[in-house]
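# just coords:
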């Protein structure tokens with residue numbers, strides 16, 4: 001049996017357990033005990049439906065534990081930080097069939113419920129060297145850790161569920177084509193005037209009998225015409241994927257059991273394609289993409305002297321090419337995902353960096369150039385209020401926020417007019433000048449921000465304590481002061497002179513002898 005924590009109770013027996021501002025018994029960590037891995041998946045699916053794991057992802061540890069009887073269970077551990085967060089975890093765990101505990105290192109006691117609003121405390125600690133000791137109102141058990149479970153590997157092992165309504169909304173899409181179907185699909189997009197980009201992906205050979213890597217074409221489309229959806233989603237050899245999170249996409253008509261957008265465990269530099277009836281495809285790094293218009297068929301006319309105009313009759317038509325300009329726009333700002341910090345504003349960035357949160361430092365990517373610093377964040381750059389803000393109008397193409405490009409051509413046409421450079425991120429300044437930053441120059445802000453810290457070694461001396469102990473201590477002796485206690489003091493060499501008998505006779509306040 002456990003003891004209920006009373007109001008204003010200050011002494012607790014559970015190691016590492018304390019009271020928060022609300023008086024709730026809370027340790028440094030929270031632990032959820034689940035009976036199996038499928039219950040863990042149910043817990044993740046329920047929790048990510050309304051909350052994100054980004055706040056607890058750094059402290060999240062999933063382990064398979066074994067009791068003394070050999071029963072294997074799953075322990076889900078994270079930083080508690082506050083009772084509000086652990087209340088949410090406890091509610092979801094209760095729904096998934098698990099138990100919630102709180103503690104610090106090895107001993108965990110049952111977290112509060114309706115029977116004990118301020119939590120529980122243990123009357124006596126169970127002796128032992130087990131890795132975990134859990135105390136519940138119905139049981140007390142010790143566990144040993146058998147192995148750890150990687151959350152990313154667990155998500156890759158989960159097979160998507162069939163959902164005919166998934167992926168029907170408009171938006172960007174990924175198309176994966178087998179190597180033999182890639183060229184035909186490229187020409188199909190060119191003939192249909194579809195704005196698409198294509199790249200070639202390679203994987204290692206599937207077996208030792210194959211001497212060549214596995215190659216597939218990967219297409220990236222901002223929008224897919226409605227008439228093409230049945231063809232692209234039902235043709236054998238083609239995979240139609242809907243982005244589910246940065247760095248992850250799920251096959252159309254299927255839904256992953258866990259909300260991948262709330263589990264930021266995939267890198268946006270790569271891509272994981274979850275297929276419905278096959279193993280997922282993991283692309284560690286996205287390939288170089290190019291516009292499909294570059295693969296259009298080229299035909300050369302034959303030279304015919306009879307059709308060639310003479311130099312006298314040839315008239316050069318006037319050029320109609322226009323220079324690119326940027327004009328202020330009256331539309332509200334939206335999708336502000338990049339900024340350009342000039343060189344003279346770099347000291348301000350250094351001062352603001354001290355106030356940035358860990359999520360912002362982790363998500364923002366920065367590139368330092370001679371023109372200044374370029375910052376990118378797919379979720380918004382407003383957390384860093386310095387520099388000139390930019391919005392992305394095309395993958396890898398940015399223009400200043402509050403401005404529109406004139407002539408009002410499509411973003412893809414503007415990107416082609418700039419040469420469609422591969423591996424470059426283009427920024428167009430307000431003056432119309434365009435600069436390019438290599439894609440590989442962008443690194444995480446938290447890795448590029450902190451400079452190397454210096455430290456100084458201090459030598460320790462073992463003789464310091466011996467010298468201090470060898471020093472003689474002074475003795476204090478109390479004796480009698482004697483009859484003349486002030487005999488050691490010297491007399492005044494110049495005593496004051498006595499006043500004259502006749503001096504100041506008229507002064508009534510002066511005494512005479």
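Now that the structure is in, tell me what you want to look at. Bear in mind the structure is a predicted one, so any value in this text is a computation, not a measurement.
# so what's residue 86 up against?
Shown in contact with residue 86 (C-beta atoms under 8 Å, 6 or more residues apart in numbering): 26, 30, 80, 100, 102, 111. No exception for glycine: its C-beta is placed from N, CA and C like everyone else's.
# same deal with residue 248?
260, 266, 271, 272, 274.
# select only the buried ones of the contacts of residue 86 in ChimeraX?
If you want just the buried ones from the contacts of residue 86 in ChimeraX, going by 16 or more other C-beta atoms under 10 Å, the selection is:
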select :26,30,80,100,102,111
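# now the contacts of residue 86 in JSON lines, with pLDDT?
Listed next are the contacts of residue 86 as JSON lines, based on pLDDT from 0 to 100:
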{"residue": "26", "pLDDT": "92"}
{"residue": "30", "pLDDT": "95"}
{"residue": "80", "pLDDT": "91"}
{"residue": "100", "pLDDT": "96"}
{"residue": "102", "pLDDT": "95"}
{"residue": "111", "pLDDT": "95"}
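# and of the contacts of residue 248, the nearest to residue 385?
Lowest distance from residue 385 to the contacts of residue 248 (C-beta to C-beta) belongs to residue 266, with 29.3 Å.
# show me the helices in the protein, by range?
For the chain, the helices defined by DSSP state H occupy 37-47, 83-96, 151-157, 182-191, 229-234, 346-353, 358-363, 411-417, 445-449, 464-470.
# burial check on the nearest residue to residue 449 once chain neighbours are set aside, number of neighbours?
If the residues on either side of it in the chain are set aside, residue 449 comes closest to residue 353, at 5.6 Å by C-beta to C-beta, 6 or more residues apart in numbering. Residue 353 has 16 neighbours, counted by other C-beta atoms under 10 Å.
# how about low-confidence regions in the stretch 251-400 of the chain?
Applying pLDDT under 70 to the stretch 251-400 of the chain flags residues 297-321.
# double-check residue 94 against residue 100; I have them as touching.
Yes: applying C-beta atoms under 8 Å as the test, residue 94 and residue 100 come out as touching, 7.3 Å apart.
# just the angle for the lengthiest strand in the chain relative to helix 37-47, thanks.
Using DSSP state E, we find that the single longest strand of the chain is strand 140-149. Here strand 140-149 runs at an angle of 80 degrees relative to helix 37-47 (axes from the mean of the first three to the mean of the last three C-alpha atoms, to 10 degrees).
# how far away is the residue lying closest to residue 116 once chain neighbours are set aside from residue 119?
Nearest in space to residue 116, with sequence neighbours left out and distances taken as C-beta to C-beta, 6+ apart, is residue 4 at 4.3 Å. Applying C-beta to C-beta, to the nearest Å, the value for residue 4 to residue 119 is 8 Å.
# of the two, which one has the most company?
residue 119 (27 against 16).
# tell me what the residue nearest to residue 116 is bridged to.
Going by DSSP bridges, residue 4 is paired in beta bridges with residue 120.
# residue 246: neighbouring residues, count only.
Neighbour count for residue 246, taken as other C-beta under 10 Å: 16.
# swap in the one 4 residues further on?
Counted with other C-beta under 10 Å, the neighbours of residue 250 add up to 26.
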